[in-house]
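> the sequence isn't on hand, but the structure is:
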């Protein structure tokens, strides 16, 4: 399989199901049969790594290497190296910022975010946006730094949004309780909740005391 | 023919006015800053309603009227004319969503990754960058912010976000190329600019501003240190017109550079009165702030574009202005402001009293300068700081700076003041010079008066008020006045018909830098009065564009 097809969601899924490490090995840059498959893989995996790190996992657990199919010795070497590193870290939840079982929940949320359309759009457009000859529809070229900064912002947003949605899916909750549960400041939680409501993912369920209670709207979400 | 009516603003009042005019049979254009009409009557809490929250009869009539044309995202830029005959220049920003193709599926809002503060709700909420604004028409719009604040503050509008971003990407040559699209002096400006952009930088509210100025210096130095050959821009078209530029300073050379890029390469002659090019970069800014070898690199880069610099040609002496005007199709006067202003104190013409700028010029060119004993410097700007610090370097035993207000009001950049103090310049605040004390025709000191701060004056600074009977004499061997510069306007004849401003500067149209004499432009200090280098460069760039328009329009 071309590494360009390694979806960030697949990687996150592996970790959710208990994998301790994922090593993706692709062709050398410039050797891609599909011109830029391995470049795409690198962009995607860099993003996935940042996301999973934000979720509390040790970023060493996800690595990307380049090899040609004629380099058996190097293949063995890379694998031994990687396995050694993972053995040193221990199973998922040890050697990570967050321990089990909290890490699993966070990884599930990260998986949802990576499977969602937002990050995929940005990471998919990244190589075009930073290409001097192409840029966006209006010919505006972005610096890599700018796109990276945008991506980091989206990762934080998506993690918050998805954790709110996950919590609301379990039971309708008021904003102040959500904020306490998810450890996001109350004003920010309110803004995320209002944005979700505006975009049609959640709706008001009733009023509890003085605070409105929100509930999850539908699996589809959004206005179609 | 029906009258054409322009209504600015599509709020409730604007819509009523438009309807009234349309009913009277006029063709009505309605320009609105926001992407939608209806002012603040749009429901905030819904994505698209089925028209239930938005059923004002006015709005329905407005939408269906054939005589009304709605210009959304439109800002009025210029309005000229008289009753019955107006001309308006309106800038319509692109909505970035094609209303013909958009079928209002609303998917963009659910996937839009950028969140921003919602300006309709006074920033209480977030909204996505793509959003609908007009639930009546269903138009969508992508919000893209205007020029960043640093770029807006920079006189030459350098694309700071891009070039700093390229540095973050480690793409140094691309970064430098971005700077050089507008500014040919990255090495020099990166060293001397008082960077107004950093004062405005939004990052300062978090920790401290981005070091925009030194980042520019960094990429420019990188090219020199790595011996990278700078890319010379060759224009696609070449024009035959000859252009003379008087003064090889920041403004003149920037103008020459841009004219060369516009297609006048090898037809540009820069005339410089001093033996070396560079203007105030060379003879105003001391070596310790801008090494001459560094400046030479910038100038070399400009001359490689097909700019000829002739030194030691003083207009009015070696060649007359009329001859230049005859020989060239367009003339730019960028002679700067090299004459010191009078201190307006008694005995100013005594031996041992000098203009600060003349001292800096002589020091910069390696001429003989006074350097013995004690010096007094009058003034508080960056030039005064340069004079003080250069004074200590050429060998004065002691340099006293005299300023009639306090340290807080000093117009010089604070880091310059700190460095001057560190080097041992003695500051005398709230002291006003009265008269030069003369002995045998030579200055031996300055009679001064102590001051105190009174009420704020027109400039907002507290005006100094003299304290009665507080006169004292400060001893000195040399006195420098550094209280501002004026332009030497004797290069042109009175008959030429130029008008001059307060600082003897050439009066120009602030948009085009054209003087009142046809085909003659002026920029830099010669047009604006003494100002910072980057502003002179910006003037040179605008003048280049105006000269190009003038020459192309003449045909």
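Cool, got the structure. Only a predicted model underlies this, so the values are computations on that prediction, with no experimental measurement involved. Numbers count the residues shown, from 1 in each chain, chains lettered A, B, ... in the order given.
> relative to residue B:459, how far out is whichever residue of the stretch 451-555 of chain B sits closest to chain A?
Nearest residue of the stretch 451-555 of chain B to chain A: residue B:545, at 21.2 Å (CB to the nearest CB). (C-beta placed from N, C-alpha, C; glycine too.) Note on residue B:545: its distance to residue B:459, by CB to CB, to the nearest Å, is 32 Å.
> quick one, which of the two is more surrounded?
residue B:545 (15 against 8; other CB atoms under 10 Å in any protein chain shown).
> quick one: average confidence on the helix or strand harbouring residue B:479?
Following DSSP states H and E, one finds residue B:479 within strand B:478-481. Mean per-residue pLDDT for strand B:478-481: 92.
> which strands and helices sit next to it?
Strand B:478-481 sits against strand B:353-355, helix B:356-365, strand B:374-378, strand B:442-456, with contacts defined as 3 or more CB pairs under 8 Å, 6 or more residues apart in numbering or on different chains; DSSP states H and E.
> chain B contacts on chain A?
With CB under 8 Å from any CB of the partner chain as the criterion, chain A meets chain B at residues A:117-119, A:121-122, A:132, A:137-138, A:142-146, A:150, A:154, A:157, A:191-192, A:194-195, A:197-201, A:221-224.
> for chain B, which residue gets nearest to chain A?
residue B:165 (3.0 Å).
> not counting its neighbours along the chain, what's nearest whichever residue of chain A sits closest to chain B?
Closest to chain B within chain A is residue A:143: 3.0 Å, counting by CB to the nearest CB. Excluding its sequence neighbours, the residue lying closest to residue A:143 (CB to CB, 6 or more residues apart in numbering or on different chains) is residue B:165, at 3.0 Å.
> which parts of the helix or strand hosting the one you found are buried?
If you go by DSSP H and E, residue B:165 is part of helix B:160-168. Neighbour counts over helix B:160-168 (16 or more other CB atoms under 10 Å in any protein chain shown) mark B:160, B:161, B:162, B:163, B:164, B:165, B:166, B:167 as buried.
> do the same with stretch A:166-178
A:167, A:168, A:172, A:173, A:174, A:175, A:177, A:178.
> how far does it sit from its chain's centre?
22 Å (CA atoms, centre = their mean, to the nearest Å).
> and it, average pLDDT?
90.
> which helix in the chain runs the most residues?
No chain in the question, so chain A it is. helix A:144-170 (DSSP state H).
> please refer instead to chain B.
Under DSSP H, chain B gives helix B:533-554 as its longest helix.
> so what's the residue count around residue 74?
If you meant another chain, say so; for now it's chain A. For residue A:74, using other CB under 10 Å, the count is 14.
> that's the wrong chain, I wanted chain B
20.
> residue contacts, the residue nearest to the spatial centre of chain B?
Nearest to the geometric centre of chain B sits residue B:155, at 2.6 Å (CA atoms, centre = their mean). Neighbour list for residue B:155: B:196, B:532, B:534, B:535, B:537, B:538 [criterion: CB atoms under 8 Å, 6 or more residues apart in numbering or on different chains].
> farthest pair in the residues you listed?
B:196 and B:537 (13.3 Å; CB to CB).
> more neighbours, these two?
Neighbour count, other CB under 10 Å: between residue B:196 and residue B:537, residue B:537 has more, with 30 against 16.
> on the pLDDT front, check that one for me.
Reported pLDDT for residue B:537: 95.
> which residue is the nearest non-sequential neighbour of it?
Closest to residue B:537 by CB to CB, 6+ apart is residue B:254, at 4.3 Å.
> which SSE is the one you found in?
helix B:250-259.
> what's that helix packed up against?
So helix B:250-259, by 3+ CB pairs under 8 Å, 6+ apart, packs with strand B:243-246, strand B:268-271, helix B:292-303, strand B:307-310, helix B:533-554.
> got these as CSV, with distance to residue A:10 columns?
Shown next, in CSV, are the helices and strands packed on helix B:250-259 (distance: least, CB to CB, whole Å):
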stretch, distance to residue A:10
strand B:243-246, 63
strand B:268-271, 61
helix B:292-303, 51
strand B:307-310, 59
helix B:533-554, 52
